[in-house]
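> I'd like to go over a predicted model; first the sequence, then the structure.
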Amino acid sequence: MKNLIRKMLLFMCVAMLTFAFTACGNSDDAEPAAVEEEDAESADEDTAGEDAADAEAEDDASDLSATGKYATLEEFINSDEMKEQMETQTAALEGTGLSVELAAEGGKLIYNFTITDPNVAAALDVAALESSLDSQASTYEAIASTIPLAVEVENPSVVVRYLDSTGAELLSKEFVPSAE
């Protein structure tokens with residue numbers, strides 16, 4: 001039983017770090033836009049009218065994503081990148097008795113960990129789980145700190161919820177960026 005809990009907690013740490021790095025990985029969008037603008041400027045004079053219209057459309061599109069950030073956490077969670085990450089994490093959790101889902105409510109990124117095996121959920125020591133979650137506080141605070149790098153959000157937080165197989169909440173904690 002302890003080994004199963006340790007494995008689940010280890011996986012959670014790895015998953016949280018993966019999500020943290022994914023949240024920071026949206027900065028490559030600026031370079032392709034700059035290259036496209038340079039290409040539009042170096043176009044032949046014969047196609048200057050068409051290229052000007054194309055460049056204007058590209059400028060409009062780059063204005064919408066000028067910061068390279070998602071407008072909401074919901075958009076971030078529903079992005080192709082995050083869907084791929086979640087598929088990978090879900091596949092890794094198969095057979096462990098644990099599943100994870102991401103949700104968002106305003107500025108809160110919510111990790112719902114469901115203990116799918118009712119026997120494990122019934123035997124789980126919530127106090128030990130809470131202690132383990134407290135020991136991972138710095139990881140979740142770091143994730144909360146990185147959210148504004150990928151999403152236009154003020155006062156972000158990360159909520160970690162443990163649910164049993166019926167969806168009843170066993171434990172929930174909210175983490176905010178650490179004051180540095």
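Thanks, I have it. No experiment lies behind these values; they were computed from the predicted model shown.

> next, count neighbours for the spatially closest residue to Asp117 that is not a sequence neighbour.
Nearest residue to Asp117, sequence neighbours excluded (Cβ to Cβ, 6 or more residues apart in numbering): Gly97, at 4.0 Å. Where C-beta positions appear, they are placed from N, C-alpha and C, glycine not excepted. Counted with other Cβ atoms under 10 Å, the neighbours of Gly97 add up to 19.

> same thing with Leu73?
Under the neighbour criterion other Cβ under 10 Å, Leu73 is assigned a count of 24.

> tell me how far the nearest residue to it once chain neighbours are set aside lies from Ile77.
In this structure, Leu73 finds its nearest non-sequential neighbour in Ala104, 3.6 Å apart by Cβ to Cβ, 6+ apart. From Ala104 across to Ile77, the span is 5 Å (Cβ to Cβ, to the nearest Å).

> now do the helices in the chain.
Along the chain, the stretches classed as helices by DSSP state H are 2-24, 30-41, 48-64, 73-77, 80-93, 118-123, 126-135, 137-150.

> what comes up buried for the fifth one?
Of the residues in helix 80-93, those scored as buried under the neighbour-count criterion (16 or more other Cβ atoms under 10 Å) are Met82, Gln85, Met86, Gln89, Leu93.

> what mean pLDDT does it have?
The pLDDT scores in helix 80-93 average 91.

> put the alpha carbons of it into CSV.
Output in CSV follows, covering the C-alpha atoms of helix 80-93 (Å, rounded to 0.1, in the frame of the first residue of the first chain):
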residue,chain,number,x,y,z
ASP,A,80,-3.3,20.9,-28.5
GLU,A,81,-0.1,21.0,-26.4
MET,A,82,-1.9,20.4,-23.2
LYS,A,83,-4.2,17.8,-24.7
GLU,A,84,-1.1,15.9,-25.9
GLN,A,85,0.5,16.2,-22.4
MET,A,86,-2.7,15.0,-20.7
GLU,A,87,-2.9,12.0,-23.0
THR,A,88,0.6,11.1,-22.1
GLN,A,89,0.0,11.5,-18.4
THR,A,90,-3.2,9.5,-18.6
ALA,A,91,-1.5,6.7,-20.4
ALA,A,92,1.3,6.7,-17.8
LEU,A,93,-1.2,6.5,-15.0
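
> what's that helix packed up against?
Contact here means 3 or more Cβ pairs under 8 Å, 6 or more residues apart in numbering; DSSP states H and E; on that basis helix 80-93 packs against helix 2-24, strand 98-105.
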